[in-house]
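With the sequence up front, the predicted model follows.
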Amino acid sequence: MSAGVGAIILVGRVLYSIFFVRSGWGHLTKRGVMITTAEKVGLPFPYLAGWPSGVWLWTGSASIVLGIWPDIGALMLGAFVIPAAAYFHRFWTIEDPAQRRAQALAFYRNVEILGASLVLFGMFGWVGTSLRFAMTGPLTRW
């Protein structure tokens, strides 16, 4: 992989991770609100919506940006959006059209993020140690 392509992929890795760094900050600094919201929607272990989720998101983001097992970081972020979509963005249960539309957008954003996470996982495993600007490369190999 050329340095130019590696740089473009690095920019993409950083841009992809910004969303999760911001979200992780919210989970760390507003953990009480996150836990209360998780309780309201019936998340089985609402405590996890507080600081553990923030640490999870930051770890996955750092993994992707720094290239420390970035394939695992991609799976971590993809795994996060599954319960987020299933518990927090249940648009099909909402009557108000504006709220329903907002939650549908958030739900499908999470579906898109899951798709992108799977693409990154596959790409990191396929590229292997050829990934430029990475500290370790992927844990998996294709």
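Now that the structure is in, tell me what you want to look at. A quick note: this is a predicted structure, and the numbers were derived from the prediction, not measured.

Tell me which stretches of this structure form helices.
With helices called from DSSP state H, the chain shows them at 3-29, 31-41, 51-66, 70-83, 97-127.

Need the contact partners of the second one.
The contact list for helix 31-41 (CB atoms under 8 Å, 6 or more residues apart in numbering) reads 26-27, 46-51, 53-54, 87-88, 90. Using the backbone N, CA and C atoms, a C-beta is placed for each residue, glycine as well.

closest one to Phe133 among the helices of the chain?
Shortest distance between Phe133 and the helices of the chain, using CB to CB, is found for helix 3-29: 4.6 Å.

Just the buried positions in the closest one, please.
Within helix 3-29, the residues scored as buried using 16 or more other CB atoms under 10 Å are 6, 9-10, 13, 16-17, 20-21, 23-24, 27-28.

Quick check: which ranges of this protein have low pLDDT?
Scanning the chain for pLDDT under 70 picks out nothing.

Try it again at 90.
1, 137, 141-142 (pLDDT under 90).

what about Gly54, how many neighbours?
Residue neighbour count, defined by other CB atoms under 10 Å, stands at 22 for Gly54.

thinking again about what came up before, dump the buried residues of helix 3-29 to CSV, plus distance to Ile82.
Formatted as CSV, the buried residues of helix 3-29 follow (distance: CB to CB, whole Å):
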residue, distance to Ile82
Gly6, 30
Ile9, 25
Leu10, 27
Arg13, 21
Tyr16, 17
Ser17, 18
Phe20, 14
Val21, 19
Ser23, 14
Gly24, 17
His27, 16
Leu28, 21
